Every structure is written in structure tokens, then in C-alpha cells.
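[1] I would like the atomic coordinates for the input below:
(2 chains)
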There are 2 protein chains.
Amino acid sequence: MVPHLITALTGPINELEQRILDSMPAIERWFRLEWMEHTPPFYSSVDVRNAGFKLAPVDTNLYPGGWNNLTHEMLPLAVQAAMAAIEKICPEARNLLLIPENHTRNTFYLQNVAVLAHILRQTGLIVRIGTLIPEITQPTTLELPAGGRLTLEPLIRKGDRIGLEGFDPCAVLLNNDLSAGVPDILKGIEQTIMPPLHAGWATRRKSRHFAAYQHVASEFARLINIDPWLIDPYFNHCGKIDFQARQGEECLAEKVADMLDRIRVKYDEYGIDQPPFVIVKADAGTYGMGIMTVKSPDDVRELNRKQRNKMAVGKEGIEVSEVLIQEGVYTFESINEAVAEPVVYMLDHFVVGGFYRVHTGRGSDENLNSPGMHFVPLAFDETCLMPDRGANPDASPNRFYAYGVIARLAMLAASIELDEALNETA
Amino acid sequence: MVPHLITALTGPINELEQRILDSMPAIERWFRLEWMEHTPPFYSSVDVRNAGFKLAPVDTNLYPGGWNNLTHEMLPLAVQAAMAAIEKICPEARNLLLIPENHTRNTFYLQNVAVLAHILRQTGLIVRIGTLIPEITQPTTLELPAGGRLTLEPLIRKGDRIGLEGFDPCAVLLNNDLSAGVPDILKGIEQTIMPPLHAGWATRRKSRHFAAYQHVASEFARLINIDPWLIDPYFNHCGKIDFQARQGEECLAEKVADMLDRIRVKYDEYGIDQPPFVIVKADAGTYGMGIMTVKSPDDVRELNRKQRNKMAVGKEGIEVSEVLIQEGVYTFESINEAVAEPVVYMLDHFVVGGFYRVHTGRGSDENLNSPGMHFVPLAFDETCLMPDRGANPDASPNRFYAYGVIARLAMLAASIELDEALNETA
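    Got it, this is the predicted structure:
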């Protein structure tokens, strides 16, 4: 069962999907050449929104959770891609230390860690899991909802190396996005850390990512001869906001107004009969905290106390003072009247699978990745690797191929973004 | 449904499979390091025989047919691996010319060509098929048994480039093993040819392959601490045989006798209660022509006229004057009382899938890849990538993993063999 597009505006998207399908040889060759210049992240996931008239990434996660939502059939692809990634980054590695988020009660998250560790073990690595949780001072085994167990062990720092009791890893894989900053125990270690520490939210900014994406999308749009707007959401940012003190609010309202105007021009150009909206979210951070849907600049001016508090604080209680203003992209895919948003999973530069976040309680103009959300994962019923050029452009293998292309563009942007960040810190 | 081992002698093989499973981290790391030194063939398939007490490759094909026998589920793995292969060998390629065997009536073979072309097209390459058949002077479209069509086009040589009418390829992929020698039209062309011309049977010798394999198997056996004989069939060769003139026969008989003695020693050591046998086959060539099962040196001395004629001529009518004498490995897997032999498929250094050749009319000591054989392909029901260390060593994911390991050893041997051949011609 595959979500269907509920929009009647299938014209432009079908045109876009057709163009992507027809340009497949040019697209794949272009990616091959890009990967000669850029180093893909070890892994990533990209939230894609399909508005019928527009298909665009809205979030690129360099510490993807949710591996447990992939199907049994996708795991071999993930293992093969992980093999390729490890060959490139740390071929000599025997032992890999995986450091997850500091969750012990979110069993879905722990299930994700277990699947990720399983994929990595299938490449032949010996994988153990170290935790940053200070309360865990002994190996602690947790039961998983799908059966099986996960053992978290306390990290041990010895000189410039990090490890566990009796375990000296060659490389460290973070599944922890460092929202609370880089912990001292990880600073200055000599082992390879994947992704690099500057990929964490302590350093990373969404606005930097989307600036890199804008460049990638524009090149790609030239390649397949489309309007880049069809794959690229407008964005802007405000650097100095204090929601609680109501500072920087007018600047934000003006930028929102400006963006709504620009979107309106595009909607008119393409005959789109929907109200434009923008998403305001923390420029650093994840998990859909500090995020709101805005349809008018007054929405920003008229925030009530509760909304202000919600916007002011991101994950791990970190204060939000920088925000990204992003063109809202409707998600017009739905299944059983619930809104569905595809998430594409990648290891190295390979698309290994994906699933839909299906959310019954939310609208097509809302963020579907929010704290405590009750989403139902619906795995893609096919890989993103097998477009069928004999079928309609919106046949599911072709739609998944298009999603894989858009996700890879965002991942390429992340590669460029990380290279730039590295050059700045160097 | 998976074939089961019919031998009661499951002791040593379970030990071997257990050792392979336990050593998975060491094995995968060893392969990673080997692939830093050696270049895998673009593609390959390896016939593996499982005698219960011994698990060994008996043939390594650098121009694998049979891609049509892989399942729908294996194709994404094949596409992903092909992407990796093309990135390494010819990232800038747009157009790929595929040159198949000169068969037009073997529709199973043509189906294989169609699937292979499909896999390659899914990587974004524009693939067209050129034929060496002199009678095909116009694009010729053939109907395939599973539906679909295949168009063969005559090759056109222009200076140092080969192509088709209106098609200038960046690279050439041979699915033709050059048994009849390297055709003039392929000599000295400037495009990349995969596999290289010296991989063809005009140059290649099985005895060279198994010499390289012996070296690989011995290193691998040291790595996981097993007797190399458990994965390595004895071999020898005779260089100057004329079956029809009965020349070189005594030399062959002596080498057969010697090898039977050596096998008997091993069978005694492992308590194996089966008669040893050897396979005598053409040292150059494929398709199971010029091949016989020999249980006594007298079998060689007492060949009748028909047997001599059969041995004297290989594929494409090429005279057989060099033979490989190979320790026979029983295939003790069977399904519905038919003998089954696994064939493992690889693209680049990735195992992408495999199937069993199931043959009702043959014994466990016979070659199952023979001309006109009526084999039934039985696809592996799992990939070779997902061993389950919690399950028995002979559970099917584990057995397939072991097959994938043995096949990769043979493929690594082929890489070394081709490097050596290149150094000699250089």
C-alpha cells in the first residue's frame, strides 16, 4: 500500500517526475562526478515533502534514527552500502564504538540503535555501544520491544583514546547529534569520529545547509532544465531572537512577510490555489522542537506566552536564538486520510530505503516530526533504485526514485556544508 | 525451499561453517584490506560445491551469464554494486556497449543479456548491445521468452574506437568469453574494455586461476585456522594432450593416479567413506565442454572414440590440448532428490546473489554445468550478506554467507590472476 497524492495539481509534479525519469542517465552521471569531488556523510536521512507541484527536502539529518523502520528487504542494501562506507573511511577497523542519544526509555529509539548496530555488525565490525549518560556507570542491558536486548556501557577515556572496558575501538560512530554541545570526553580524541564533531548541532546551522542546497539545486535544475524552485524551498534566517523577551520579533515578521510574498508570486506563476505558509524553526537542532507554521507575519507578532516558551527552547533545553525561516512545502501525500511524509535513508552516497511518517493528527502544512508524535512508519514498498521508465512517472518505483534523487541532492549539500565548516575551523 | 545436505558427514562442514561464522569480523576485515591491494573483476560468478566435509569453488566465470536467474529481490543489490563498480572504472561514462555471446537461439542466454542490460541501465548508463555475429548487419530485434525484446546491432569500428550506428560508447562490457580468440574488431581499441581482453579464454587458463586460488586459500586458511584443503581442491595440469591421436595420455593417467592417491590420504584423515574422483577438463574454456569425471587412471587410458572426440573439442570448436586435472568435490546438496550446485554472483567485490543449479539427471560427482543441460535454477532464498550468528551454522543465511565467502576467495584469486597476466603481457 502506497500513499497517494491527494492534490489535483498533479500537472507540474508529474512534469517534474517525468523530467527526473527521462534525465536518469544524466542525473546518475552527474552524481558520479560530484562524488569524485565531495565526500558523502557516513549516513544520513532526509525528510522530503511532496506538494504535488513541488518536491523538496525540508530537513537533512546526519545522525539518523529510525533504522528500525526499514524493512527486512532493505537491510541487505544497507549492509552492502555500509561495507562500502567502511572501506572508504576506516578499512582497517575491527572495533566500532557506537554512541547513541541519551535515551533509555524511548524504546523505539533503542530499537533503532539495535538495528543500526546489527547492520554494522553484518559488515564484520565488532560493535559495542557506549553511552554519554552519566548515571550509567556499569554495563546496562535494556529489553527491546521487538525482542532482543541492547547493552549500554559507560565510556572510558584514556589519554587521547576513547573506549569501553576491554574495548579499544578504531572508529566512533555517533548517533547522537550533540545538541547539547560536544562533550569533553569526545574532544581531541585520536580515533576517527563519524560524522565529524563539526556536524553536530553545536556547530551546524540549517541555514548553512540550505544555502549549500540552494547551490546544489540550482546546478541540478540547470542539468535537467527545470525551475530550481520546484525542488528548493526558499529560506532565510534571523540571527538574534529572544522569544521570551520579544526581541528580534519585528525582523522575523518582516522576513516572513517577504517570504510569503515571494511564494505567492510562484504560486501565481504555477496556478496554485493554496495559501502560502512558512515554517519557523530553530536554526540549530532537531526533533521538531521550537518549530511553528506561519501563514501571516501577524502570526509571529501575536505569539502567546505558551507559544513563545515553546519556540524559545530546543532539544536538551538549549535556548533558541537563531531561527530558520523556511518556505512551507505542503505534503500532499496521504493514506487512509492521514498525512504522509517520506523519509529517505542513505549510507555513504547510496540510497538504501525509506519510509513514510504517517500522522493522523496533523495537517498537510504542519511539521510531522515533532516530539511525542504518534506517527506510524510505513516502509516504502520498493527500493529507490529501480525506476521503471516504461511506467507512469508517478508509479511507485518512479516516485521512490525521484525521492531518492532529491534526498541525494540534500545529502550532497550536507557534504559541501561539512567541507565548508571544516575549512572554516581549520 | 532450500536444498539440504544429504551427506551424513556433516561434522567437518559444520565445523568449517561455524569457523567461518565465528571469524566473520576477521574475514570481512581481511577482505577489506585485500581490496586495497587488488582490483576486483567488474563481474563474476563462481560455481561452489558443498561436499559436506569440504566447501570449494570449482569454476570462476569472468563473463557470467544467468543473471536472469537472480530474484527480483536481488536486483537492487546488483544495481547498487554495479553503481560502485562503474564509479571506480568509468565514472564519466554515459554510453556502455554490451557485447554478448554469439547466440541468437538460446533464449535463456538472451534473457540473461536483457537482465544484465537492465541492471546496468538502472545505474544510469545508456546501454546498447553490439554483436560479433557476422550475419547481423542490421539492428535485429529478438523476442524474449519472458516477454520483452532485445535488439542486437552490428559493431562498427572507426579508427581506434568501437561503437554502433549513432552510438559512441565510453566503455565496453564483454559478456562474451572470447573462447574463439580476440576478434580483430576488438584489438587495440581505446575505450575501456571490461573485463580486459586478457581475461578471455584465448589467454586465460584455469590452472593459473587455481594456482592463484591456492595462494589465497592458504592465506585465508591461516587467518581462520583451518586446513586449506577444506576449501581448496587439488589441481594439476597437462600441457600437451592430443586426445584423438592418443598423445600425452600416459602423463595424464599418471597425474590422475597421483591426485587420487593424495585425495585418498585426505579422505582417510577425515574419515570420509566415498570414492575419490577427479575432473579432467579443458584448461581454457567454459560451458562444460571437454570435461569428464575420472575415478581411476584406467578411465583415462580406456577412453572410447566418442569420449575422445568429446574431450578433444571445446566451445566454438577449439581444439583442447591443455587440460586441468581437478580434485572432484562431491555436491552433497540436493532437493527433491535432484543434485544442486550453488552459483554465486558478484559485481565488483560485492556478492549480489546466487542460485542453485538443480539437475535431476546427474550424480553428485558430475559436472552440472554441461551443454544442453536441463537445469532448474533455484534462487537463493536470502542474500549472502545477512549471516545470523544466533542461528545454527548451517541455517540458510549462514550457509549462503559461507558460499559468499568462498566465492569471494575465488574472485580475489581471479583478480590476482588477471594482475599477473597483465604484468606478463606488459
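
[2] I figured A:Asp232 hits A:Glu219, correct?
    No - between A:Asp232 and A:Glu219 there is no contact under CB atoms under 8 Å: 11.0 Å. In short, each C-beta sits where N, CA and C put it, glycine included.

[3] So for the two, which sits in the more crowded spot?
    Neighbours around A:Asp232 and A:Glu219, counted as other CB atoms under 10 Å in any protein chain shown, are more numerous at A:Asp232. The numbers are 24 against 14.

[4] Find the closest residue to chain B in the stretch 201-350 of chain A.
    A:Phe350 (5.7 Å; CB to the nearest CB).

[5] again with the stretch 151-300 of chain A
    For the stretch 151-300 of chain A, CB to the nearest CB, closest residue to chain B: A:Cys170, 9.7 Å.

[6] so what's the residue nearest to that residue when sequence neighbours are not counted up against?
    Nearest non-adjacent residue to A:Cys170, counting by CB to CB, 6 or more residues apart in numbering or on different chains: A:Ala93, 3.8 Å away. Contact partners of A:Ala93, counting by CB atoms under 8 Å, 6 or more residues apart in numbering or on different chains, are A:86, A:125, A:169-171, B:29.

[7] Just the ones of these in helices?
    For the contacts of A:Ala93, the ones inside helices are A:86, B:29, with DSSP state H as the criterion.

[8] ok, the contacts of A:Ala93 vs A:Ser415, which is closest?
    Taking CB to CB as the measure, A:Ser415 sits nearest to A:Ile86 out of the contacts of A:Ala93, at 17.5 Å.

[9] Number of residues surrounding the closest one?
    26.

[10] Return the per-residue confidence for the nearest residue to it once chain neighbours are set aside.
    Nearest-residue entry for A:Ile86: A:Thr123, 5.6 Å, with adjacent residues in sequence omitted and distances by CB to CB, 6+ apart. Predicted confidence (pLDDT) for A:Thr123: 95.

[11] about what we covered before: including distance to A:Pro154, could the contacts of A:Ala93 go into a markdown table?
    Compiled in a markdown table, the contacts of A:Ala93 are given as follows (distance: CB to CB, whole Å):
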| residue | distance to A:Pro154 |
| --- | --- |
| A:Ile86 | 25 |
| A:Leu125 | 21 |
| A:Pro169 | 14 |
| A:Cys170 | 20 |
| A:Ala171 | 19 |
| B:Arg29 | 27 |
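
[12] Could you pull out the helices in the stretch 301-426 of chain A for me?
    Along the stretch 301-426 of chain A, counting by DSSP state H, counting those that start in this stretch, helices occupy A:305-312, A:396-425.

[13] meant to ask about the stretch 151-300 of chain A
    A:206-224, A:249-269, A:297-301.

[14] Quick check: residues of the stretch 1-150 of chain A near chain B?
    By the rule CB under 8 Å from any CB of the partner chain, the part of the stretch 1-150 of chain A lying against chain B is A:24-29, A:31-33, A:35-36, A:73, A:75-77, A:79-81, A:83-84, A:86-87, A:91-94, A:122-126.

[15] are any of those residues buried, and which?
    Neighbour counting with 16 or more other CB atoms under 10 Å in any protein chain shown marks A:24-25, A:27-29, A:31-32, A:35, A:73, A:75-77, A:79-81, A:83-84, A:86-87, A:93-94, A:122-126 as buried within those.

[16] I figured A:Arg149 was touching A:Pro139, is that so?
    No - A:Arg149 is not in contact with A:Pro139 according to CB under 8 Å; the separation is 11.2 Å.

[17] ok, for A:Val256, nearest residue in space, not its chain neighbours?
    With CB to CB, 6+ apart, the residue lying closest to A:Val256 is A:Pro297, at 4.8 Å.

[18] Among the residues of the stretch 1-150 of chain A next to chain B, which lie within strands?
    A:Ile126 (DSSP state E).

[19] re the thing from before, can you name the residues bridging to the residue of the stretch 201-350 of chain A closest to chain B?
    Taking DSSP bridges as the rule, A:Phe350 bridges to A:Leu347.

[20] Count the neighbours of the closest residue to A:Phe380 other than its chain neighbours for me.
    Distances taken as CB to CB, 6+ apart place A:Gly354 nearest to A:Phe380, at 4.8 Å, with adjacent residues excluded. Applying other CB under 10 Å, we find 29 residues neighbouring A:Gly354.

[21] Identify the residues contacting A:Gly354.
    A:Gly354 is in contact with A:45, A:70, A:342-345, A:379-380, A:384, A:400, A:403-404, A:407, counting by CB under 8 Å, 6+ apart.

[22] switch the cut-off to 6 Å
    Contacts for A:Gly354 (CB atoms under 6 Å, 6 or more residues apart in numbering or on different chains) come out as A:342-345, A:380.

[23] same question, A:Thr293
    A:277, A:365-366.

[24] pLDDT (mean, whole number) over stretch A:416-426?
    85.

[25] ok, and for that stretch, which residues are buried?
    Of all the residues in stretch A:416-426, those buried under the rule 16+ other CB under 10 Å are A:416-418, A:421.
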